[in-house]
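**Student:** Build me a model:
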Amino acid sequence: MSQAVERSPGIPLEQRPLRAWQRSALARYLAGSPQDFLAVATPGAGKTTFALRVAAELLSDRRIDRVTVVTPTEHLKYQWAESAAQAGIPLDPEFRNSTGGTSADYTGIAVTYAGVAAHPMLHRARTETRRTLVILDEIHHAGDAKSWGDAVKEAFDPAARRLTLTGTPFRSDDNPIPFVDYLPDAEGALRSRADHAYGYAEALADGVVRPVVFLAYSGTSSWRTSAGEEMTARLGEPMTAEHTARAWRTALDPGGEWIPAVLAAADKRLTGHRAGGMPDAGGLVIASDQTAARAYAAILEKITGTAPAVVLSDEKGSSKRIADFSASDARWMVAVRMVSEGVDVPRLAVGVYATSASTPLYFAQAIGRFVRSRRQGETASVFLPSVPVLLGLASELEAQRDHVLGKPHRAAETWNDEELAAAQRVEDEPGEDEKAFTALHADAELDQLIYEGTSFSADEEDYLGLPGLLDPDQVRTLLNQRQQDWMQRGKTRSGAQARATPAPPQPPAERPQLSVREQLNALRKELNTLVAMYHHRTNKPHGAIHNELRKSCGGPVTAMATIEQLEERIATLRSWR
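**Tutor:** Presented below is the predicted three-dimensional model:
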């Protein structure tokens with residue numbers, strides 16, 4: 001991706017100092033002079049700068065005559081061309097297969113994988129005529145479809161040099177990625193091999209990327225099935241794949257209360273970033289489809305009083321809208337999930353993951369929009385549904401993965417991924433899906449925070465106003481302190497209740513009358529607070545604790561439990577030591 005954060009007017013790119021990992025990778029590349037080289041670097045680390053320095057060196061030494069850059073989106077073609085121009089390498093981002101050529105003033109072209117797949121022999125002929133360095137950006141996209149992989153292989157097999165780049169080499173399929181080496185691992189599976197790797201954990205330690213705090217929101221979702229049956233479930237609690245998907249989709253429904261509540265909290269967090277050292281901090285909402293994106297934008301306009309930027313697709317005009325937002329100090333942008341990888345706005349500091357996409361590849365790409373660091377101390381905050389698969393991915397942000405053939409990449413879940421995906425599908429069969437499912441209600445409540453794989457529980461207000469400038473150690477220290485304060489408040493309240501002398505019964509006329517809904521909500525909140533405290537004492541997952549309580553006390557999931565059942569679970573949990 002282009003490194004807007006590294007641009008310094010008046011200083012040629014080739015004269016600017018490289019980061020340590022870029023120097024190391026460049027030295028390894030120049031020493032080996034390989035035909036193929038795979039650089040895996042976390043989003044925001046500076047892959048574009050590294051690749052253009054390689055191109056500049058090869059052009060200067062006359063080892064190549066031409067450069068071809070291949071990107072996954074139209075938007076990225078222009079980002080690459082802009083960065084390359086600063087390096088003194090003019091690239092044509094408007095090359096068309098129908099034309100077949102470009103001006104002699106250009107050193108090369110920038111095209112998309114789809115463009116190459118449309119006419120691979122044309123690109124092969126161009127590659128054969130002159131010594132060409134092919135830079136394959138986000139090379140994992142060449143594994144999206146066999147036709148794309150075959151086309152890339154056909155077009156660029158005769159290249160003098162191939163430099164492949166990715167921040168997320170892992171995939172959950174068995175389509176090999178062209179020009180990537182696979183070696184047997186200890187279990188006999190074929191695993192992709194990088195020539196140079198620079199992960200998020202290393203980049204975070206070097207101050208190259210921002211630390212990310214995930215704020216996971218649960219809440220009760222209600223929906224109606226095709227049979228007219230009304231169902232209720234709470235996000236984050238163990239349930240079937242179908243119930244998980246329905247509760248998740250209900251939460252994301254713009255007509256419910258979950259989305260407005262989370263967007264309002266995210267906007268408040270954005271204000272905290274702006275007041276705490278990042279005056280131009282921006283926010284991005286990632287939506288599943290265009291209809292949801294427009295609805296979310298309308299909600300944000302009501303919250304902020306200003307219409308957010310909306311990027312609905314990779315069509316003409318999207319690049320300008322992204323560029324305009326990047327150059328402004330506007331608060332929010334809403335984008336459908338298909339463009340998340342092409343969104344390169346270094347000032348993005350707050351994200352709302354309002355999509356049902358759940359693959360490790362997509363999640364890592366989406367979070368990559370918020371980790372680009374401009375200066376020391378900037379942090380990022382990402383709001384997401386409290387769904388087990390997302391909580392797991394958030395906890396494993398620092399894990400480095402490779403593409404493994406013949407072996408499932410993802411850890412086993414409590415549901416089948418295909419079943420979950422089918423239950424989430426909206427666009428493909430809207431008529432049938434609408435008959436099978438109707439969202440009724442969803443509310444939102446902060447469930448937990450995740451930072452460096454650790455879960456923290458506390459009141460929402462303790463976190464929405466955190467400073468925007470904190471280094472990783474300061475984030476860790478502050479979260480631990482807030483956690484301890486919160487747990488101490490809980491213990492104090494519990495101790496006071498235990499020591500209190502029962503008051504004499506009030507006459508019926510004086511006793512506060514709470515509705516059933518108020519009683520249930522209060523008991524659910526108390527139970528969840530106790531579960532969070534027990535989690536931090538035992539390190540057991542929240543869902544496992546709820547399951548143990550249900551086994552011990554009986555009854556349905558928390559969202560469907562009665563007042564008496566909730567009171568029994570609270571008493572039981574208080575008795576566990």
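**Student:** I'd like to know which elements the helix or strand containing residue 37 is packed against.
**Tutor:** Using DSSP states H and E, residue 37 maps to strand 36-41. The elements that strand 36-41 packs onto, with contact taken as 3 or more CB pairs under 8 Å, 6 or more residues apart in numbering; DSSP states H and E, are helix 20-32, helix 47-60, strand 161-166, strand 196-198. The way it works is simple: take the backbone N, C-alpha and C, and place the C-beta from them, glycine included.
**Student:** Which element is encountered next along the chain beyond the third one?
**Tutor:** Next helix or strand after strand 161-166 toward the C-terminus (DSSP H and E): strand 181-184.
**Student:** List the buried residues of stretch 205-217.
**Tutor:** 207, 208, 209, 210, 211, 212, 213, 214, 215, 216, 217 (16 or more other CB atoms under 10 Å).
**Student:** Any chance of CSV for those, columns distance to residue 437?
**Tutor:** As requested, the buried residues of stretch 205-217 are exported to CSV (distance: CB to CB, whole Å):
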residue, distance to residue 437
207, 46
208, 43
209, 39
210, 37
211, 38
212, 32
213, 33
214, 27
215, 27
216, 23
217, 21
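**Student:** so of these, which ones are in strands?
**Tutor:** Mapping the buried residues of stretch 205-217 onto strands (DSSP state E) picks out 212, 213, 214, 215, 216, 217.
**Student:** What are the boundaries of the helices in the stretch 101-250 of the chain?
**Tutor:** Remark: helices assigned in the stretch 101-250 of the chain by DSSP state H, counting those that start in this stretch are 113-118, 120-129, 146-156, 200-205, 241-252.
**Student:** Identify all contacting residues around the first one.
**Tutor:** By CB atoms under 8 Å, 6 or more residues apart in numbering, the surrounding residues in contact with helix 113-118 are 70-72, 95, 97, 123, 141-142, 144-145, 147-148, 151-152, 155.
**Student:** Closest one of the buried residues of stretch 205-217 to residue 254?
**Tutor:** Distances from residue 254 to the buried residues of stretch 205-217, taken as CB to CB, are shortest for residue 217 (15.2 Å).
**Student:** Which residue, other than its chain neighbours, is closest to the closest one?
**Tutor:** In space, and not counting its chain neighbours, residue 217 is closest to residue 444: 4.8 Å by CB to CB, 6 or more residues apart in numbering.
**Student:** swap in residue 370?
**Tutor:** Nearest to residue 370 is residue 380, by CB to CB, 6+ apart, at 4.0 Å.
**Student:** so where's the stretch 451-577 of the chain shaky on pLDDT?
**Tutor:** In the predicted model of the stretch 451-577 of the chain, residues 458-459, 486-514, 536, 577 satisfy pLDDT under 70.
**Student:** Tell me where it has helices.
**Tutor:** 461-464, 472-499, 516-538, 542-553, 563-575.
**Student:** Show me the contact partners of the first one.
**Tutor:** Looking back up the chat, that one is helix 461-464. Contacts of helix 461-464 (CB under 8 Å, 6+ apart): 213, 215, 265, 268, 269, 272, 446, 449, 482, 485, 486.
**Student:** could the residues you listed be laid out in JSON lines, adding distance to residue 82?
**Tutor:** Output for the contacts of helix 461-464, formatted as JSON lines (distance: CB to CB, whole Å):
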{"residue": "213", "distance to residue 82": "31"}
{"residue": "215", "distance to residue 82": "34"}
{"residue": "265", "distance to residue 82": "35"}
{"residue": "268", "distance to residue 82": "34"}
{"residue": "269", "distance to residue 82": "31"}
{"residue": "272", "distance to residue 82": "32"}
{"residue": "446", "distance to residue 82": "40"}
{"residue": "449", "distance to residue 82": "37"}
{"residue": "482", "distance to residue 82": "42"}
{"residue": "485", "distance to residue 82": "47"}
{"residue": "486", "distance to residue 82": "46"}
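**Student:** Which segments of the chain make up each domain?
**Tutor:** Domain ranges of the chain: 4-205, 212-399+413-459, per automatic domain parsing.
**Student:** Tell me which residues touch residue 54, please.
**Tutor:** Shown in contact with residue 54 (CB under 8 Å, 6+ apart): 26, 29, 133, 163.
**Student:** Now for the first one: which residues touch it?
**Tutor:** Spelled out, it's residue 26. 18, 50, 53, 54, 57.
**Student:** Repeat that for the second one.
**Tutor:** Counting by CB under 8 Å, 6+ apart, residue 29 makes contact with 37, 54, 163, 195, 196.
**Student:** Can you tell me how far it is from residue 160?
**Tutor:** 14 Å (CB to CB, to the nearest Å).
**Student:** Near residue 345, how many other residues are there?
**Tutor:** When counting by other CB atoms under 10 Å, one arrives at 20 neighbours for residue 345.
**Student:** do you know how far the spatially closest residue to it that is not a sequence neighbour is from residue 347?
**Tutor:** The shortest distance from residue 345 to any non-neighbouring residue, by CB to CB, 6+ apart, is to residue 326 (4.4 Å). For residue 326, the distance to residue 347 equals 7 Å [CB to CB].
**Student:** more neighbours, the two?
**Tutor:** residue 347 (22 against 18).
**Student:** unless I'm mixing things up, the more buried one is touching residue 283, no?
**Tutor:** No: in this structure residue 347 lies outside contact range of residue 283 using CB atoms under 8 Å: 9.8 Å.
**Student:** circling back to that earlier point, from the contacts of helix 113-118, list the buried ones, please.
**Tutor:** 70, 71, 72, 95, 123, 141, 142, 144, 148, 151, 152, 155.
**Student:** Turn those residues into TSV, including pLDDT and distance to residue 61.
**Tutor:** Listed next are the buried ones among the contacts of helix 113-118 as TSV, based on pLDDT from 0 to 100; distance: CB to CB, whole Å:
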residue	pLDDT	distance to residue 61
70	96	23
71	92	25
72	86	30
95	95	25
123	97	24
141	79	30
142	80	28
144	61	34
148	83	32
151	93	30
152	94	26
155	96	25
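**Student:** Max pairwise distance over those: which two?
**Tutor:** Longest span within the buried ones among the contacts of helix 113-118, CB to CB: 95 and 144, 21.3 Å.
**Student:** quick one on the thing from earlier: JSON lines for the contacts of residue 26, including distance to residue 312 and pLDDT?
**Tutor:** Shown next, in JSON lines, are the contacts of residue 26 (distance: CB to CB, whole Å; pLDDT from 0 to 100):
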{"residue": "18", "distance to residue 312": "37", "pLDDT": "90"}
{"residue": "50", "distance to residue 312": "32", "pLDDT": "95"}
{"residue": "53", "distance to residue 312": "35", "pLDDT": "96"}
{"residue": "54", "distance to residue 312": "35", "pLDDT": "96"}
{"residue": "57", "distance to residue 312": "40", "pLDDT": "95"}
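**Student:** Going by neighbour count, which of these comes out on top?
**Tutor:** Neighbour max across the contacts of residue 26 (other CB under 10 Å) = residue 50, 26 neighbours.
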